[in-house]
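Undergrad: Next come a sequence and a model predicted from it.
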There are 2 protein chains.
Amino acid sequence: MKVAVIGIGCTKFGEHWDKNIQDLLSASQLEAIEDAKISPNDIDAIFSGNMCGGIFSGQQHIGAIAAEILNLNVASSVVEAACASGGVAIRSGLQAILSGLAEVVLVNGVEKMTDTKTPQATTGLMLAASEELELFQGATFPALNAMIAKKYMNDYGLTREQLAMVSVKNHKHATLNPLAQFKKEITIENVINSTMVSDPLTLLDCAPISDGSASLILCSEKFAKKINKPAIYIVGSGQASDSLALQNRKSLTEMKATQIAAKTAYKIANVTPDDIDVTELHDGFSIVEILSLEDLGYFKKGEAGKATAEGKTFLDGEKPINPSGGLKGKGHPVGATGVSQAVEIVKQLRGECKSNQVKNAKTGLTHNIGGCGTTAVVHIFKKEK
Amino acid sequence: MKVAVIGIGCTKFGEHWDKNIQDLLSASQLEAIEDAKISPNDIDAIFSGNMCGGIFSGQQHIGAIAAEILNLNVASSVVEAACASGGVAIRSGLQAILSGLAEVVLVNGVEKMTDTKTPQATTGLMLAASEELELFQGATFPALNAMIAKKYMNDYGLTREQLAMVSVKNHKHATLNPLAQFKKEITIENVINSTMVSDPLTLLDCAPISDGSASLILCSEKFAKKINKPAIYIVGSGQASDSLALQNRKSLTEMKATQIAAKTAYKIANVTPDDIDVTELHDGFSIVEILSLEDLGYFKKGEAGKATAEGKTFLDGEKPINPSGGLKGKGHPVGATGVSQAVEIVKQLRGECKSNQVKNAKTGLTHNIGGCGTTAVVHIFKKEK
């Protein structure tokens, strides 16, 4: 598999009270087109990841909006897989190009969460869980992830301090990313003493509510060579599903969908976990980063907490994770997240990051999940030699 | 382009008060798998068209449900382009197969509209229009389509009786389709005298609110040959977009997205409008069938009403349109519609229809739109020689 990324664009993540979905999409789309140095007319198809446009903003059919902004009549649709919508949109773009039906594809991820029409954004997000077995029973995602955390702490001896270190690291990285929502260092004590959300998870263990949009220009290898632009290539892709309700899983401390998606992507890309120099993974809650580090094959089962506390996943550690600040520090406009991870990895591989640049990064990985690991999408990126 | 359809499944469309999204999906998925005589484990990926699961049923992330029903961990996601979601899901399936990332794909379309959580389903459906320029101003889809009808009647002399004949025909066809919601013949007088919805459109000019699910098993030509099953092939695909708000269009009486999507599909399939023996098109409102007949190139501009009144689009006419009963007679569970159109065309080309069989049908076309012609998807099907 070889599909080029020739353009990237991303808005600042945070509270954009003065912007609607159109404004956010316009900003990232135009930035990506300009970065790619192509004309909008080169674009053959558009795929936009969005989870809750209908619930949050009273607007679906966002594919048509993405095309209209550029005055294009091309095929344009929305892809939804809860918080993995952005990652799945990238995969749709890959498939369109590899199928030969498109040569240049615009991939967006967008979400406008702040002025939601539901009582709270958390209510809307629960549409990603099982309506009958979870939502209707009063569960929320912090509560579901808290159960996972309790079980993991019990089974593997993860300490509260080790868990808190995930957020400490991601906030530290976010201070170095100009597009991040939170540019403030925090301490282990800050995390543990912040407002309790669902025991043991406090406010600082949970990714925030955010607005934002991210865009990629993907193209065939042939087109990339034709325009003679150095490109980063997507060389592996994996996507998998697990049961929607947690109660139907065999294990709460492993995310099967992540394991399968990663295995598939490694195989296609012909790399191993050890080959990955830089990773953006889905830390929707601190505990999810711990599980993901193991499910991606970076650390042995039960050892990710210790590795985090030892600094191994920091920017200057042996396995840098979420140099952007991750969902916790950079922000988490749900449909945009998967695409923004790819924007960060492309920047890292181009060597365009400044204070958060991972040195000599040649191979990168993005990991985006929906629900409690119900959908997982993994992509592997390589710098052209 | 050559992708085989080896399995089809479709629930009855109508009011399924005792069934939820899972039940509907289960029924059509299992029917399609049984029809294809494959094992669920042969399936590599699933794409499900759904518009308003979040709004209507409090459930998004329906891709995961579709996979979980079959105890599969494969890539599975939702595709949304308003009422064209089903047609776009088919196209996503084609792209997955043609890309080489999948060999066998399950495509679903599903919508549960009756026990909606919004005050009326019509409110939810307006999320397909422009929130700022249309929904917020109080417009509904019947009102927007009524404006189109008024303008067309003024410009081309379409009579109220000719327009009503669209619904008369589609209801007549529906009486012959066991899966249709309305098995009742109606007259021109019934249409004209039924409850006014938005002048000139009455209740019987408008497709109903429905529940339903439809499924297809698509596969590569190689896989179809391997299992030695006679298949119907998808040989052309086109998708296009137009502006979301009607006010931004140059013409109200032509649907540009349909014209572009059809032109693309004809070109890929190497056929002309004259080659199409049987068509399922998107008669969400009677006026939309009139416009579509012209935009697909079947009749000259301004002549579709006369052709309909003359019986040319009836089952035994020269250009049979909507033998299933169309959206008006068969029902319109929005996300399911595009896939159910393909189910009908495959049945027709297989020669498996009974009283509504179009004789000697060898080439068929489906036409699915979202919004007021904002998204259009056209597929062309051929019987294997």
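TA: In hand now; what should we look at? Residues are numbered from 1 along each chain as shown, chains lettered A, B, ... in the order given.
Undergrad: So for the residue of the stretch 201-350 of chain A found nearest chain B, what's the pLDDT?
TA: Nearest to chain B, among the residues of the stretch 201-350 of chain A, is residue A:239, at 3.6 Å (C-beta to the nearest C-beta). Where C-beta positions appear, they are placed from N, C-alpha and C, glycine not excepted. pLDDT for residue A:239: 98.
Undergrad: One more: residue A:385?
TA: If you check residue A:385, the pLDDT there is 64.
Undergrad: so residue A:94 is in which element?
TA: Per DSSP states H and E: residue A:94 is located in helix A:85-98.
Undergrad: Determine if any part of that helix is in contact with chain B.
TA: Yes - applying C-beta under 8 Å from any C-beta of the partner chain, one finds helix A:85-98 in contact with chain B at A:85, A:88, A:91-92, A:94-98.
Undergrad: What parts of the stretch 151-300 of chain A come near chain B?
TA: Residues of the stretch 151-300 of chain A found near chain B (C-beta under 8 Å from any C-beta) are A:237, A:239-244, A:248, A:256-257, A:260.
Undergrad: Mind giving me the PyMOL select for those residues, buried ones only?
TA: Restricted to buried positions by 16 or more other C-beta atoms under 10 Å in any protein chain shown, the PyMOL selection for these reads:
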select buried, chain A and resi 237+239+240+241+242+243+244+256+257+260
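Undergrad: What is the most widely separated pair among the residues of the stretch 151-300 of chain A next to chain B?
TA: Greatest spatial distance among those (C-beta to C-beta): A:237 and A:248, at 26.3 Å.
Undergrad: quick one: contacts for the residue nearest to residue A:175 when sequence neighbours are not counted?
TA: Leaving aside its chain neighbours, residue A:175 sits nearest to residue A:183 (4.8 Å; criterion: C-beta to C-beta, 6 or more residues apart in numbering or on different chains). Neighbour list for residue A:183: A:174-175, A:177 [criterion: C-beta atoms under 8 Å, 6 or more residues apart in numbering or on different chains].
Undergrad: how about the strands of chain A, start to end?
TA: Along chain A, counting by DSSP state E, strands occupy A:3-10, A:45-49, A:75-80, A:104-112, A:196-198, A:201-202, A:211-220, A:232-241, A:278-280, A:363-370, A:375-383.
Undergrad: Tell me which of these approaches residue B:59 most closely.
TA: Proximity to residue B:59 (C-beta to C-beta) singles out strand A:75-80 among these, at 11.5 Å.
Undergrad: How far does the closest one sit from its chain's centre?
TA: Offset of strand A:75-80 from its chain centre (C-alpha atoms, centre = their mean, to the nearest Å): 18 Å.
Undergrad: Isn't residue A:25 up against residue A:67?
TA: No - counting by C-beta atoms under 8 Å, residue A:67 is not a contact partner of residue A:25; they are 10.3 Å apart.
Undergrad: thinking again about what came up before, who's the residue of the stretch 201-350 of chain A closest to chain B bridged to?
TA: On DSSP bridges, the residues paired with residue A:239 through beta bridges are residue A:377.
Undergrad: tilt between the helix holding residue A:94 and strand A:75-80?
TA: With axes from the mean of the first three to the mean of the last three C-alpha atoms, to 10 degrees defining the directions, helix A:85-98 sits at 140 degrees from strand A:75-80.
Undergrad: got a list of what the residue nearest to residue A:280 when sequence neighbours are not counted touches?
TA: Leaving aside its sequence neighbours, residue A:280 sits nearest to residue A:341 (C-beta to C-beta, 6+ apart; 3.7 Å). Applying C-beta under 8 Å, 6+ apart to residue A:341 gives the contacts A:86-87, A:280-281, A:324, A:366-368.
Undergrad: how near is residue A:296 to residue A:157?
TA: 21 Å (C-beta to C-beta, to the nearest Å).
Undergrad: and if you look at residue A:305?
TA: Counting by C-beta to C-beta, the gap from residue A:305 to residue A:157 is 8 Å.
Undergrad: And the residue lying closest to residue A:257 once chain neighbours are set aside, what's its pLDDT?
TA: Excluding the flanking residues, the one nearest residue A:257 by C-beta to C-beta, 6+ apart is residue A:376, at 3.8 Å. Here, the pLDDT recorded for residue A:376 equals 98.
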